[in-house]
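Undergrad: Starting from these lines, generate the structure:
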Amino acid sequence: MEKPNTKVVNFQEYKDRKNQREVNRDELLKLIKKIVTSK
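TA: Next up, the predicted model:
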């Protein structure tokens, strides 16, 4: 029973990390746009 359970937890962590990466990419794009428009 333990192995599938840890798999689910790891999958949830993976999803969270993936979402975090998406957010970070959006934030980076916003920053780049700000820098470009401020020049």
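
Undergrad: how about the helices in this structure?
TA: 2-38 (DSSP state H).

Undergrad: Point out where it drops to low pLDDT.
TA: Along the chain, the model assigns pLDDT under 70 to residues 1-6, 39.

Undergrad: 90 instead?
TA: Where the chain drops to pLDDT under 90, the residues are 1-25, 35-39.

Undergrad: separation between residue 7 and residue 15?
TA: Separation of residue 7 from residue 15 (CB to CB, to the nearest Å) stands at 13 Å. For every residue, glycine as well, the C-beta is placed using N, CA and C.

Undergrad: burial of residue 18, as a residue count?
TA: Neighbourhood size, residue 18 [other CB atoms under 10 Å]: 10.

Undergrad: all numbers from here: first residue = 263
TA: All right, first residue 263 from here; so that's residue 280.

Undergrad: separation between it and residue 269?
TA: In terms of CB to CB, residue 280 sits 16 Å off from residue 269.

Undergrad: same thing with residue 293?
TA: 36 Å.
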